[in-house]
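**Student:** Sequence first, then the predicted structure, then my questions.
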Amino acid sequence: MKKLFVKTYGCQMNVYDSARMADLLTPLGYEIADAAEDADMVILNTCHVREKAAEKVYSELGRLKRLKDEKSGMLIAVAGCVAQAEGEEIIARQPAVDMVVGPQSYHRLPEMIARVTREKGHALETDFPADEKFDALPEENATSGPAAFLTVQEGCDKFCTFCVVPYTRGNEYSRPVSQIEAEARRLVAKGVREITLLGQNVNAYRGADANGNPATLARLVERLARIEGLDRLRYTTSHPRDMGEDLIAAHRDIAALMPFLHLPVQSGSDRILKTMNRQHTAAEYLRLIDRIRDARPDIALSSDFIVGFPGETDKDFEDTMALIRTVTFTQAFSFKYSPRPGTPASAAKVQVPEDVKDARLQALQALLREQMDGFNASCEGRTFPVLFEKLGRQPGQAIGRSPYLQAVHADDAAHLIGKIADVRIEKAMTNSLRGTLVEKALVH
């Protein structure tokens, strides 16, 4: 067997894509290696969202070149969004790279490997054939636990002025309902109990149903919830514009849909939201949150925030802080704005100084941490059904997830990996909860 090492950067969709690339190469005789040093082929599955993402990739490629010089026959591939954005520039800057493949073209990896091996050159694939990609993926996929990701939608038509996704992932594309259901059933047959549906704008899902008509995400969730053995469903990432009433109702009516929603707002300032091209106001977002909480009062909310967006004033920032205080989030991702080449915001004339960005980010994260700690503390004394996913650090300990996506540690639970059991929360830790199994707990 040949060895394959995949290093994944960025989002959960990249995690899914990395696993599917490994599935594609299994018939070619590749099995997973734990480190690049042990591999015959290395794939860097890259993300272009984080600051200086491309430079981090080139730095890693420099290390891999030295490794390749010592190891005859090693192949190096760059996949993902940096591959899509940089294209031929990657090969020009680092000739040790054999293949550059965009996120919608990685199904062509076996062909690219054959071409590179045969012709001793480079291979580049950065087209956007999303439908062709999913048709070409192998039915069988490896799983590594009771929780799995499943991509149902890719691409974005929103064109937020700070974001590269429309340029690196292409237009919005939704997989057919039957294709998704078949993959979900295969995952459940392998022991998966929880599936997170993935998409750049997952609630913009409009995949074809059996009659060829577009189905909403709510209808897809309703169908998947009927699969015996699939106990939990989640989805990410959503856009406020696409949060339809049927999806809000699904949180009320479908027991398998967990009471947790990641709904990015980015800013609480209407002026900044307009500049970002988010196409909603802060008040509209707050009204949406009210409707969601009316349907599911116990729902926990997560969001994304960008501070220091070009032209952001102290008043704009305070509007964001006010929105956070009004909503109260249990989790959040927050970042300083950093320009992405080719995006409209990167050309803005009024950029916020770095020291101002730093101060605002610290203040925002302190408020979010206070809210998260408060929510976790409120869980003490409560009993949650926990899906145990892996062993903990201590003997006999296991780690699972609550319905609210919190990590939960419990002793004497190692035998419950892959099962759901009731856990009484004893202590809220910094980033997790500690609990004990309820005597005579329901285990299923």
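**Tutor:** Noted; the coordinates are in hand. Numbers count the residues shown, from 1 in each chain.
**Student:** going forward, measure contacts between C-alpha atoms and count neighbours the same way
**Tutor:** Fine.
**Student:** Please point out which parts of the helix of greatest length in the chain sit buried.
**Tutor:** Ranked by residue count and defined by DSSP state H, the top helix of the chain is helix 354-378. Judged by neighbour count using 16 or more other C-alpha atoms under 10 Å, the buried positions of helix 354-378 are 357, 360-361, 364-365, 367-369, 371-373, 375-377.
**Student:** tell me how far that helix is from the chain's mean position?
**Tutor:** Distance, stretch centre to chain centre, for helix 354-378: 22 Å (C-alpha atoms, centre = their mean, to the nearest Å).
**Student:** returning to what we had before: which of the buried residues of helix 354-378 lies closest to residue 185?
**Tutor:** Within the buried residues of helix 354-378, proximity to residue 185 (C-alpha to C-alpha) peaks at residue 376, which comes in at 33.4 Å.
**Student:** which stretches of the stretch 51-200 of the chain form helices?
**Tutor:** Applying DSSP state H, counting those that start in this stretch to the stretch 51-200 of the chain gives helices spanning 53-70, 81-86, 88-93, 109-119, 130-136, 165-168, 177-189.
**Student:** export the shortest one as CSV, just CAs?
**Tutor:** Right, helix 165-168. Provided in CSV are the C-alpha atoms of helix 165-168 (Å, rounded to 0.1, in the frame of the first residue of the first chain):
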residue,chain,number,x,y,z
VAL,A,165,-16.1,32.2,-1.6
PRO,A,166,-18.1,33.1,-4.8
TYR,A,167,-14.7,33.3,-6.6
THR,A,168,-13.2,30.1,-5.2
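**Student:** Renumber starting at 28 from here on
**Tutor:** In the new count, where the first residue is 28, that last one comes out as helix 192-195.
**Student:** which helices and strands sit right next to that helix?
**Tutor:** Judged by 3 or more C-alpha pairs under 8 Å, 6 or more residues apart in numbering; DSSP states H and E, helix 192-195 is in contact with helix 108-113.
**Student:** Now do the helix it packs on: everything it contacts.
**Tutor:** Outside helix 108-113, the residues that touch it by C-alpha atoms under 8 Å, 6 or more residues apart in numbering are 72-75, 80-81, 117, 127-130, 153, 192, 194-196.
**Student:** Low-confidence ranges, the stretch 78-227 of the chain, go.
**Tutor:** For the stretch 78-227 of the chain, the stretches with pLDDT under 70 are 78-79, 148, 153-170.
**Student:** Swap in 80 and give it another go.
**Tutor:** Applying pLDDT under 80 to the stretch 78-227 of the chain flags the ranges 78-81, 145-171, 194-196.
**Student:** likewise the stretch 328-471 of the chain?
**Tutor:** 368-369, 466-471.
**Student:** Run through the strands of it in chain order.
**Tutor:** 358-363, 410-418, 425-428, 434-437, 447-455, 460-464 (DSSP state E, counting those that start in this stretch).
**Student:** quick one on the thing from earlier: output the buried residues of helix 381-405 in TSV, with distance to residue 205 appended to each entry.
**Tutor:** Output for those, formatted as TSV (distance: C-alpha to C-alpha, whole Å):
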residue	distance to residue 205
384	46
387	46
388	43
391	43
392	42
394	43
395	40
396	41
398	40
399	38
400	41
402	38
403	38
404	42
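**Student:** Can you tell me which of the residues you listed is nearest residue 220?
**Tutor:** residue 403 (24.2 Å).
**Student:** Quickly note the distance from the closest one to residue 418.
**Tutor:** 22 Å (C-alpha to C-alpha, to the nearest Å).
**Student:** do residue 34 as well
**Tutor:** Taking C-alpha to C-alpha, one finds residue 34 at 23 Å from residue 418.
**Student:** what's the answer for residue 462, then?
**Tutor:** 15 Å.
**Student:** again with residue 359
**Tutor:** 26 Å.
**Student:** what bridges to residue 106?
**Tutor:** residue 72, residue 128 (DSSP bridges).
**Student:** Distance of residue 49 relative to residue 61?
**Tutor:** Residue 49 sits 13 Å away from residue 61, going by C-alpha to C-alpha.
**Student:** These two: who's more crowded?
**Tutor:** residue 49 (19 against 12; other C-alpha atoms under 10 Å).
**Student:** more crowded one of residue 34 and residue 418?
**Tutor:** Ranked by neighbour count (other C-alpha under 10 Å), residue 34 and residue 418 place residue 418 first, with 20 against 16.
**Student:** Contacts only, for that one.
**Tutor:** Shown in contact with residue 418 (C-alpha under 8 Å, 6+ apart): 424, 425, 426, 441, 444.
**Student:** try it again with 6 Å
**Tutor:** Residues counted as contacts of residue 418 (C-alpha atoms under 6 Å, 6 or more residues apart in numbering) are 424, 425, 426.
**Student:** Likewise for residue 304?
**Tutor:** By C-alpha under 6 Å, 6+ apart, the neighbours of residue 304 are residue 187.
**Student:** What are the phi and psi values at it?
**Tutor:** Backbone geometry at residue 304, expressed as degrees, to the nearest 10, gives phi 60, psi 40.
**Student:** ok, it to residue 293 distance?
**Tutor:** Between residue 304 and residue 293 the computed distance is 11 Å (C-alpha to C-alpha).
**Student:** With residue 227 instead?
**Tutor:** With C-alpha to C-alpha as the criterion, residue 227 and residue 293 are 15 Å apart.
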